[in-house]
Structures are given as structure tokens and as C-alpha cells.
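A.B. asks: quick one: sequence plus predicted model below, questions after.
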Amino acid sequence: MGSDSYTKYLLKGEFKDRVELIHSHGKAEWTHNGTLSLQDKKDTNIFTVTIHNLTLKDIGIYMCAVNIFGTYYLTKVKLVVLSCVKYEEITVTGYEGANAVISCPYQKGYESYPKYLLKGECKDGVEIIRSTDGQEWTLKEKFSLQDKNNFTATIRNLTVKDAGIYGCGVDKQGTYFFTRTKLIVGTSTTPASEFENTTDFLADTRSASSAQRPSTPQSSTGKSKPSAADSKKPNTTQSDAVYQSLNPNTIQPDAVYQSLNPNSTQSDAAYQSLNPKMDGGVWRG
């Protein structure tokens, strides 16, 4: 005999203390009563009850029942309502391949309660790892918990997929005291492989720089001719005429400025022209 035509119930409590909350009506598929909804899917012989807008008062023992000629066939259900109490909110930054450590403080007296780490917001997050029996270390894949004076959760070998919102804390009989954590995972903008040949690159650059640097012009006597940079040095022993020649306001023959160009081929006379008392290499005192 099928039970599709019999009345379905949801009761709260056990034995004599149970209280009826809602029951089905005849062949109707849906029945509503306040925050309760009962759906009787007769073609599958399954009925479901939904409690909307849960509160801590909804915690307890329930009975799903079918009344067949005065006999109740019961299914016992224990309802646990999880409550989220935010302890604090922090941000943690890590980098790809490294570890992220999340600190999750809790109040004194909660040492024996289970500790957990979940990803997502507290109410709809997915639990990743949980400690049991007050043990100090709990390991699961790339995640670990350490509960010693201060509870910490570690995520090893970070990837960009690990970024997001986490919650960690204490589960006190369905009440979650948690720390909301925003994990940011940074990436390297330049792969290390691009720096493998840095030494060779710098050596090539120095060689190219040396090859392009003009050599110091030599005089007919084999001595190096003074450069413009040398003439600017205050400690160089030279006559005032040399410094005057570097002053654009001083009237000088073009040969003087040409002699400052190391790329021009000049005779010694060009450099002698820097000294107004020199004439063809003879001192004219």
C-alpha cells in the first residue's frame, strides 16, 4: 500500500514533548505555515520540509512522520544552526610559490573546541580543514592548522586561485567565532628565466661601449692631447688662457673650438693656440 494519500507531519521534540508544527492537506503538493513549507511529492514517495529564516531557537530534534491509520512512522532529524560571530577582520598578502600564515585569535576557555579554516563567507563558505580532540597540529594537503596559545592556519605553495575570502576560528557547538581574512596573492611581473643571462648581457654591453668610445687624439710627438673634460678640472695645472677658451663669451679663433673636438685631426698648433703666449711652439714672453 502506498503512503501518498496519508498525512505527513513535521514535529519538534521527542516522545511526549513533541509538538506538531505543520502537516499536509489531502492531495495538495504544498502546505505553508509561517516560516515552514511542506512539499509532498507523491510520485516519488518523498516529502520535504523547509524552515525559512533560521534562528538559534530552531536548534533541536525534529520528527518527520507519516500517520497510517493512527501509527506514526518517524524519521528523526537533529537540526544544528550555525551562527557566525566575527572576531576581527584582517588582510594577508602572499606571493606565488610562497606560504601564507593567517592568525586566528580566540578567547580563553575555548582551547578544547575544534578549530577550522573555511573559504568564502562564514554562512556559505566551504570548510577546508578542521582540528579535532584539541590536537596541536592538523594537516590536510597544502593546508595546516597549529593550535598552540595562538591558532594559526597556513596555506603552502600559493597560487592565484588561493586568493579570496577565508574564515578561521573556533566552532563552539555550532556557533562560529571567526576571523574574516582577505588573502591577496601577488605574482612576479618578470619571470626569473629572463635574468639568467644578465652577466653575459652586461659583458657584451661593456665591450660595445668600449668599442664605440673615441680614443684620445695623439700629438705628433706621441703625447696625449688634453681633452675638454680635463680642462674643466680645477686641480689641473694650466694657464688662465685655457679656461678662458672654454668661455663662449671669449673671442677665440675657430681652431680653438675645433681642437676641443677629439674626432678632428689637428696638428699641435691647434692645441698651442690655447695659449696666447705660444707661437709655433716658441714662448713669447
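C.D. replies: That came through fine.

A.B. asks: for the chain, where's the lowest mean pLDDT among helices and strands?
C.D. replies: Every helix and strand in the chain was compared by mean pLDDT, DSSP states H and E; the lowest is helix 198-212, with a mean of 36.

A.B. asks: what stretches of the stretch 151-285 of the chain score poorly on pLDDT?
C.D. replies: 189-285 (pLDDT under 70).

A.B. asks: now Ser37: how far from Thr50?
C.D. replies: When distance is defined by CB to CB, to the nearest Å, Ser37 is 5 Å away from Thr50. Where C-beta positions appear, they are placed from N, C-alpha and C, glycine not excepted.

A.B. asks: which one's more surrounded, these two?
C.D. replies: Neighbour tally, Ser37 and Thr50, criterion other CB atoms under 10 Å: the higher count belongs to Ser37, 15 against 11.

A.B. asks: before we move on, which element is that one in?
C.D. replies: Taking DSSP states H and E as the definition, one finds Ser37 inside strand 36-41.

A.B. asks: and that strand, average pLDDT?
C.D. replies: The pLDDT scores in strand 36-41 average 92.

A.B. asks: what are the pairing partners of the helix or strand just after that strand, and which direction each?
C.D. replies: Once the chain leaves strand 36-41, the next helix or strand it forms, by DSSP H and E, is strand 46-51. With DSSP bridges as the test, strand 46-51 is paired with strand 36-41 (antiparallel).

A.B. asks: buried set for the partner strand?
C.D. replies: By neighbour count on 16 or more other CB atoms under 10 Å, the buried set for strand 36-41 is 38-40.

A.B. asks: who's in contact with that strand?
C.D. replies: With contacts defined as CB atoms under 8 Å, 6 or more residues apart in numbering, strand 36-41 is touched by 4, 8, 10, 21-24, 28-32, 47-52.

A.B. asks: residue ranges of the strands in the stretch 101-250 of the chain, please?
C.D. replies: 115-119, 126-130, 137-140, 143-148, 150-155, 164-172, 175-186 (DSSP state E, counting those that start in this stretch).

A.B. asks: nearest to Cys84, out of these?
C.D. replies: strand 175-186 (5.0 Å; CB to CB).

A.B. asks: so what does that closest one touch, helix or strand wise?
C.D. replies: Counting contacts by 3 or more CB pairs under 8 Å, 6 or more residues apart in numbering; DSSP states H and E, strand 175-186 is packed against strand 83-95, strand 100-104, strand 164-172.

A.B. asks: the first one pairs with which strands, and in what direction?
C.D. replies: Paired neighbours of strand 83-95 in the sheet (DSSP bridges): strand 175-186 (parallel).

A.B. asks: CA atoms of the strand it pairs with as CSV?
C.D. replies: What follows is strand 175-186, C-alpha atoms only, in CSV (Å, rounded to 0.1, in the frame of the first residue of the first chain):
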residue,chain,number,x,y,z
THR,A,175,28.5,29.0,16.9
TYR,A,176,31.4,30.1,14.8
PHE,A,177,33.7,32.7,16.3
PHE,A,178,35.8,33.6,13.3
THR,A,179,38.4,36.0,11.9
ARG,A,180,37.4,37.2,8.4
THR,A,181,40.6,37.2,6.3
LYS,A,182,41.1,38.7,2.8
LEU,A,183,44.0,36.8,1.1
ILE,A,184,45.8,38.6,-1.7
VAL,A,185,48.2,36.6,-3.8
GLY,A,186,50.8,38.6,-5.7
